[in-house]
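Novice: using only what follows, build the 3D model:
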Amino acid sequence: MRNVVQRLYNLFSHEDRLLILIDPDPDAIASALALKRLLWHRLTCCAIAPIRPITRPQNQRMVQLLSIGLTPLQELNPEDYNRKALVDNQPSHHKLLGPYQYDVIIDHHPRLPETKARLVDIRPEYGATSTIMTQYLREARIKPSLKLASALYYGIKTDTANFERPAVEADVRAFHYLFGFTRRPLLRRLEFAEFNIPMLGYFQQALNRFRIRHNRLYAFLGPVDTPDILVILADFFLRAGEVSWTIVGGIYQDKLIVIFRNDALRKNAGRLAVQAFGKLGSAGGHAASARAEVPLENTQMNPIAQWQEWQEFIIDRVEHHGRLKVPDKGEVPAGQAG
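Specialist: Numbering: from 1, shown residues only. Purely as a prediction, here's the structure:
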């Protein structure tokens, strides 16, 4: 680890201007803060740039409560920065991440063949990139501030889903270490912002529409104001004891978005997402969580088709193209669990 931190330091000089790109969620935001803290005495300036708006309430609350300075990518000129870094992501995951040559890529998602940088540190066995960054800070002998420790703690907590998703001992150690620098009232305020009142209508819609096939719960919401609600509902439905998979879809900005979650018991959500939708759009993820984004024109579906038709389209792609057999029994009608 010490060699990696020293390699990181050796990449930069005081004349450098660093741009850290993120697809904003708590783990990415916290990891970017940690990288900025590691390098702030070695650079002329450093900016953290989300590639898309922050719409999920818990992420908005995190940025607000911790007074985190972010500058949307669309509001700055990347050419003003001679160094680029990417945390909790890889260039092929999103088109807005792809055009740049990176000096640093630090991530915990499975490494893609085309991922290249002067320093690449990817640990797919880790539950969160925040764990990696906590190790960097400890090796550099930097004690995190309340703000940074709370962000990293929350990043690990959310990306491991309170350690319900796969994690390793390093995640537990980092979580325990960071707790000593946090304050419980602040953490509670961060945690109680998972969704807002307007999102409750989507809960009702999903409860009326869901369908279960052989312990796999499917729900299609139609057009959504933000794909974050699909993530929230996929996590919510996975709490049902009879369910081992949740697959929740919706339409956002001319794309079909499908979120995958499972109980991580000998399953691979990322592989299933790629099998089901990889030929139609972008897809990937971890063993327990994944995402697919498909342009509507690639689905060959009528955009104004009824929600039942879209739901059946998703089920067909997952059950057949995803190499999952549809059972003869065990299907539950929409909106019924038993």
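Novice: helix, strand or coil for Asp316?
Specialist: helix (DSSP: H, G, I helix; E, B strand; the rest coil).
Novice: residues near it, how many?
Specialist: Residues lying near Asp316 (other C-beta atoms under 10 Å) number 13. All C-beta atoms are positioned from the backbone trio N, CA, C, and that covers glycine.
Novice: cool, Arg118 as well?
Specialist: Quick note: Arg118 (other C-beta under 10 Å) scores 15 neighbours.
Novice: now do Arg183
Specialist: Arg183, neighbours per other C-beta under 10 Å, totals 11.
Novice: how about Ala49, secondary structure?
Specialist: Per three-state DSSP, Ala49 ends up strand.
Novice: hmm, I typed the wrong one, I wanted Phe220.
Specialist: Going by three-state DSSP: Phe220 is strand.
Novice: quick check: closest non-adjacent residue to it.
Specialist: Ranked by C-beta to C-beta, 6 or more residues apart in numbering and with sequence neighbours excluded, the top spatial neighbour of Phe220 is Gln311, at 3.9 Å.
Novice: now do the helix or strand hosting the one you found: distance to the chain's middle.
Specialist: Applying DSSP states H and E as the criterion places Gln311 in helix 307-316. Offset of helix 307-316 from its chain centre (C-alpha atoms, centre = their mean, to the nearest Å): 25 Å.
Novice: list the buried residues in it.
Specialist: 307, 310-311, 313-315 (16 or more other C-beta atoms under 10 Å).
Novice: what's it packed up against?
Specialist: Contacts defined by 3 or more C-beta pairs under 8 Å, 6 or more residues apart in numbering; DSSP states H and E place helix 307-316 against strand 211-213, strand 216-223, strand 245-252, strand 255-262.
Novice: ends of stretch 216-236, what's the gap?
Specialist: One end of stretch 216-236 to the other measures 14 Å (C-alpha to C-alpha, to the nearest Å).
Novice: can you mark which positions in that stretch are buried?
Specialist: Buried residues in stretch 216-236 (16+ other C-beta under 10 Å): 216-221, 224, 226-236.
Novice: same check on stretch 9-23?
Specialist: 11-12, 16, 18-23.
Novice: equivalent analysis for stretch 70-83, please.
Specialist: 70, 73, 81, 83.
Novice: including pLDDT, distance to Glu125 and secondary structure, could the residues you listed go into a markdown table?
Specialist: Shown next, in a markdown table, are those (pLDDT from 0 to 100; distance: C-beta to C-beta, whole Å; DSSP: H, G, I helix; E, B strand; the rest coil):
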| residue | pLDDT | distance to Glu125 | secondary structure |
| --- | --- | --- | --- |
| Leu70 | 97 | 29 | coil |
| Leu73 | 96 | 30 | helix |
| Tyr81 | 98 | 31 | coil |
| Arg83 | 97 | 28 | strand |
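Novice: for Ile251, state which of these is nearest.
Specialist: Using C-beta to C-beta, Leu73 comes nearest to Ile251 of the buried residues of stretch 70-83, at 24.2 Å.
Novice: was I right to think that closest one contacts Pro50?
Specialist: Yes: between Leu73 and Pro50 there is a contact under C-beta atoms under 8 Å: 6.7 Å.
Novice: quick check: domain ranges of this protein?
Specialist: Segmentation of the chain into domains, based on automatic domain parsing, reads 2-191, 201-332.
Novice: would you list the phi and psi of the residue lying closest to Gly98 once chain neighbours are set aside?
Specialist: Nearest residue to Gly98 in three dimensions, chain neighbours excluded: Pro91, at 4.8 Å (C-beta to C-beta, 6+ apart). Main-chain torsions, Pro91, degrees, to the nearest 10: phi -60, psi -30.
Novice: can you pull the pLDDT of Pro91?
Specialist: Looking at Pro91, its pLDDT is 94.
Novice: renumber starting at 47 from here on
Specialist: With 47 as the first residue, the last one maps to Pro137.
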